[in-house]
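K.L.:
any chance you could fold what I've pasted below:
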Amino acid sequence: MEDIFITIWTAIQDGYFAFLQSKTFFVIKIFLVIYTTVLVVDVLLLAYLSDVRKQLRKLSRGAPNIKVAKKADVREWAAITDRLNSQDEKQYRVALLQADQFVYKSLETQGYSGSNFAERMAQIPPDSYASLEAARDVHTLVKQIIREDNLRITKEQAQNALGVYEKFLRNLDVL
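P.N.:
As a prediction, this is how the structure comes out:
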C-alpha cells in the first residue's frame, strides 16, 4: 500500500518538475510578468491622471472639492464671530447674515452648485453630516431676519447659531 502512495507521489513530483522545466511554463511566466507590469503601470497612471483624493472624498462625503488653504477662511470666520463681542444687537444680526453668506460660498467651494442656499444644501446627502439639519434651521432663522426688520436676536441666540454653522463648516473641512 505504501509503495502505491510512494509511486503516485513520485509521479506527481516528476510531472511537476517536468512542467517547471517545460517551455509552456516558461511562456506562462513571461506572460504573467508582462501582465503584472502592465497592471502596475495602469494603476500608477490612473492614480497620477485622476485625482484620487477628490474621488475618495466624493465617495465618502458627496463633495468632490476641498479647499487646501484654510487660513483665509479661518480669519474671515474669526472676523464674523468677533461681531458677537459687541453689545449691539445689530452686530449680532450682521454676524448671522455674514455667516450665512460664508456657508453659502463654502458650499460652492466644496463643489455643491445651485442658485440659492436651499439648492446647495439639497445636494448634500442627508446622512453625511450630523449638523446638516441644524444648519438648515439656522438658515431659516437668517431668512427670518431678512424678512422681519424688527426681529430681536439675543447674544445667546447668535452664539448658538454661529456655533451650529461652525460645527457644520468643520464637518465640511472648511475650518
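
K.L.:
tell me the helix or strand right after the helix or strand of the chain with the lowest mean pLDDT.
P.N.:
In the chain, no helix or strand scores lower on mean pLDDT, DSSP states H and E than helix 52-61, which sits at a mean of 67. Counting by DSSP states H and E, the next helix or strand C-terminal to helix 52-61 is helix 71-82.

K.L.:
buried ones in whichever helix or strand comes after that next one, by neighbour count?
P.N.:
As assigned by DSSP H and E, the chain's next helix or strand after helix 71-82 is helix 89-109. For helix 89-109, burial by neighbour count (16 or more other Cβ atoms under 10 Å) applies to 91-96, 98-100, 102-104, 106-107. For glycine as for every other residue, the C-beta is placed from the backbone atoms N, C-alpha and C.

K.L.:
now stretch 127-136
P.N.:
So for stretch 127-136, counting by 16+ other Cβ under 10 Å, buried means 129, 131-132, 134-136.

K.L.:
among these, which lie within helices?
P.N.:
The members of the buried residues of stretch 127-136 that map onto helices under DSSP state H are 132, 134-136.

K.L.:
as TSV, the residues you listed with pLDDT and distance to residue 165 would be great.
P.N.:
Converted to TSV, those look like this (pLDDT from 0 to 100; distance: Cβ to Cβ, whole Å):
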residue	pLDDT	distance to residue 165
132	84	12
134	89	9
135	90	6
136	89	11
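
K.L.:
how is this structure partitioned into domains?
P.N.:
2-50, 71-171 (automatic domain parsing).

K.L.:
which of the ones you listed sits most buried?
P.N.:
Comparing these by mean neighbour count (mean count of other Cβ atoms under 10 Å), domain 71-171 comes out on top with a mean of 16.

K.L.:
where does the prediction get shaky in the protein?
P.N.:
51-54, 56-69 (pLDDT under 70).

K.L.:
how far off centre is the top helix by length along the chain?
P.N.:
In the chain, ranked by residue count with DSSP H as the criterion, the top helix is helix 23-49. Computed by Cα atoms, centre = their mean, to the nearest Å, the separation of helix 23-49 from the middle of its chain amounts to 32 Å.

K.L.:
with stretch 74-92 instead?
P.N.:
For stretch 74-92, the distance to the chain centre is 29 Å (Cα atoms, centre = their mean).
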